[in-house]
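# How does the following fold in three dimensions:
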Amino acid sequence: MNEELRELAKLRNLVDLTKVTIEAQQDVVNLLPAQQKLVELQKKLGTHQAEVKTKENAYREECVKQYEKDGTKVFAGGKIKMFDKITYDDDDAKAYAIEKGLPNLLNLNANNVKGYIKSAAPEEFGKIVKEPRLSLASDLSDFLAQE
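Residues are numbered from 1 along each chain as shown. Model (predicted):
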């Protein structure tokens, strides 16, 4: 009789384990629609971020053109700031670095070149020019009410 009870206990235990496994699998199945929704939302986010980048770039270009035309520096949502832009020819810079014995310039790391041009100002191979760019505010929520 004890043997029968032991077998019954094993079977009941097996049933309980099977129920737990089924419940766990059901939770996974229930998550699938949520996972699909998450993937859809992530795709939408990527699309929206690309649209934002495109619109920002277009607005920046438009404002820079206006600045170059009439000197306007302040625009709705941002203002023109001047940034250093390095201009140099790779071959001229390498030749200059070899001629002057400047191995740190040979890899043409932009920071090395910029630092050297700023400190030594060798117009022989490059220069730093000021470039206007629009700096956009990170919070444009005030413009939402203007629709």
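# Domain ranges for the chain, per the record?
Domain assignment for the chain, taken from automatic domain parsing, gives 1-72, 73-136.
# lowest-confidence stretch among these?
In terms of mean pLDDT, the lowest-scoring of these is domain 73-136 (a mean of 78).
# Name the residue closest to the centre of this protein, please.
Taking CA atoms, centre = their mean as the criterion, Gln49 is the residue nearest the geometric centre of the chain, at 9.5 Å.
# Distance check, Ile22 against Val28.
According to CB to CB, to the nearest Å, Ile22 and Val28 sit 11 Å apart. (Glycine included, C-beta is placed from N, CA and C.)
# How is Ser135 assigned, secondary-structure-wise?
Here Ser135 takes the strand state, with states given by DSSP: H, G, I helix; E, B strand; the rest coil.
# what number of residues lie near the spatially closest residue to it that is not a sequence neighbour?
Nearest residue to Ser135 in three dimensions, chain neighbours excluded: Lys81, at 4.8 Å (CB to CB, 6 or more residues apart in numbering). Neighbours of Lys81 under the rule other CB atoms under 10 Å: 12.
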